[in-house]
Each structure stands twice: as structure tokens, then as C-alpha cells.
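Asks: based on what follows, work out the 3D shape:
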Amino acid sequence: MLNYVTTNAGKVREVREYLDDGAVTQLDFDYAEIQAPTLEPIAVRGAREAYRHASEPVIVDDAGLFVDALDGFPGPYTAYAEEKLGIERVSRLAREAAEGPGRAAFRCVLAYCDGDDFAASPDPVDRGDRAAAAAAENDPDDDADLPVKLFEGAVRGRLVDPRGDEGFGYDPVFEHEGTTFAEMGTAKKNAVSHRGRALEKFAEWYPSR
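Replies: Numbering: from 1, shown residues only. Coordinates of the predicted model:
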């Protein structure tokens with residue numbers, strides 16, 4: 001059984017578009033999110049902690065909205081910015097800073113851990129002796145050498161006034177090729193979204209595990 005660590009049922013529906021429904025279950029586990037300037041160490045630390053909790057294969061994702069005119073902000077702090085400012089205000093700030101279209105990119109890092117090592121491959125594997133360990137230096141990870149495999153996806157677009165009533169999070173204000181994520185059906189969104197692109201890479205690799 002593969003455990004997708006999230007409280008968001010929408011994410012689970014997305015991953016089930018790529019994998020057999022019966023192979024994925026939602027795991028509601030509140031892992032500690034470390035402070036880091038990039039997404040990778042956050043996802044890595046979460047995957048290790050979730051694996052220790054579940055003792056079964058887990059995937060954890062961390063995603064962020066990187067706004068060009070705001071030097072990549074909110075990035076790893078995207079959820080916090082949504083909570084404190086709201087998606088409409090973040091969109092407006094991006095457009096004001098750019099004095100025009102609020103060009104941005106969504107990035108997603110998917111972290112997989114099942115307690116075993118990974119064969120050599122072009123995909124990055126974090127073993128704790130890189131960014132994750134450095135970011136967690138004030139809270140040492142007892143299993144910092146536990147291998148975590150990473151899959152990354154990204155999509156560029158721009159921030160607009162809210163449109164559409166599907167999806168979640170920033171979907172209503174993130175426009176890709178003329179359509180917001182909230183105006184797309186699940187299948188179309190998965191085909192172009194940052195999370196969908198990371199999941200596609202994972203789904204190609206996972207059956208060989």
C-alpha cells in the first residue's frame with residue numbers, strides 16, 4: 001500500500017489519476033514542516049518522518065508558487081501566504097509589483113520513501129548529507145541517511161483575478177495558456193499542472209519498485 005501524506009482529498013484524487021485507485025490511500029499525518037528556502041528539504045524531511053510513523057511506503061509533496069516580480073516569493077511559504085493574505089491579495093501584489101501580468105511558476109517536489117535504497121538513476125536521491133540535513137541542523141534527523149527519492153514538476157503561467165469554481169488553493173488565480181486551473185477539469189489540470197507533471201514521473205518509475 002502506498003500512503004499519500006496529505007489532509008487534502010483533492011491531491012489524493014490527482015494521484016489516483018496516475019496510479020491504480022486501490023494502490024493509494026490517504027494518510028492524515030501532521031509531520032513537522034521545517035523552515036527552508038527551497039521545497040526539496042521540506043519534502044524530504046516530511047517523507048522521512050511519515051515513513052517512521054507509518055512503517056510503509058509514503059509519498060509527501062511540497063509545492064510552491066514562485067512569483068517572478070517578487071523574487072520567487074512566496075515559494076516555500078505559499079500556504080502561509082494564502083492563510084494570512086488570501087489568494088486574491090497575493091495575485092494583486094504580484095501584478096502590482098510587475099506593473100503588468102503577474103508572471104509566476106508553480107513547482108512541486110514529490111518525495112518517496114520506503115526504507116530501502118534506490119538504484120542509480122538520473123532522478124535525484126536525497127540521503128540526508130545534502131540540503132535536508134543542513135536545513136534541519138537545529139532539529140537533527142535521527143534517520144538523516146534514510147534515502148528519499150525526489151520527483152519535480154513545474155508549470156509557468158500568470159496570476160489573474162479569480163475565475164472558475166473547481167480545484168483548490170491558488171487554482172482560481174493561476175492562469176495557464178488562457179485558462180485558470182479552477183476552470184479546468186481534473187484530467188486537463190493533471191496533464192499540465194506542476195503536481196501532475198511530478199506525479200507522471202513518479203508513476204512511470206513506481207511500477208519498477
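
Asks: next helix or strand past the lowest-mean-pLDDT helix or strand in the chain?
Replies: Every helix and strand in the chain was compared by mean pLDDT, DSSP states H and E; the lowest is helix 131-135, with a mean of 40. Using DSSP states H and E, the next helix or strand after helix 131-135 towards the C-terminus is strand 148-159.

Asks: same for that following strand, what does it pack against?
Replies: helix 39-54, helix 87-98, strand 102-113, strand 125-126, strand 174-176, helix 194-205 (3 or more Cβ pairs under 8 Å, 6 or more residues apart in numbering; DSSP states H and E). The C-beta positions use only the backbone N, C-alpha and C, and glycine is treated the same way.

Asks: could you list the low-pLDDT ranges of this structure?
Replies: Within the chain, the stretches with pLDDT under 70 are 21-22, 120-123, 126-144.

Asks: how about the nearest residue to residue 154 once chain neighbours are set aside, what does it touch?
Replies: Spatial nearest neighbour of residue 154, excluding adjacent residues (Cβ to Cβ, 6 or more residues apart in numbering): residue 107 at 4.6 Å. The contact partners of residue 107, by Cβ atoms under 8 Å, 6 or more residues apart in numbering, come to 39, 63, 64, 66, 152, 153, 154, 194.

Asks: among those residues, who's most crowded?
Replies: Highest neighbour count within the contacts of residue 107, by other Cβ atoms under 10 Å: residue 194, with 26 neighbours.

Asks: surely that residue and residue 110 touch.
Replies: No: when contacts are counted by Cβ atoms under 8 Å, residue 194 is not listed as touching residue 110 (10.0 Å).

Asks: any common contacting residues for these two?
Replies: In contact with both residue 194 and residue 110: residue 153, using Cβ under 8 Å, 6+ apart.

Asks: would JSON lines of the helices and strands packed on strand 148-159 with distance to residue 13 be doable?
Replies: Formatted as JSON lines, the helices and strands packed on strand 148-159 follow (distance: least, Cβ to Cβ, whole Å):
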{"stretch": "helix 39-54", "distance to residue 13": "20"}
{"stretch": "helix 87-98", "distance to residue 13": "20"}
{"stretch": "strand 102-113", "distance to residue 13": "15"}
{"stretch": "strand 125-126", "distance to residue 13": "27"}
{"stretch": "strand 174-176", "distance to residue 13": "18"}
{"stretch": "helix 194-205", "distance to residue 13": "11"}
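
Asks: nearest to residue 70, of these?
Replies: helix 87-98 (5.6 Å; Cβ to Cβ).

Asks: buried residues in the closest one, which are they?
Replies: Buried residues in helix 87-98, defined by neighbour count with 16 or more other Cβ atoms under 10 Å: 87, 90, 91, 92, 93, 94, 95, 98.

Asks: farthest-separated two in the residues you listed?
Replies: 87 and 98, at 16.6 Å, using Cβ to Cβ across these.
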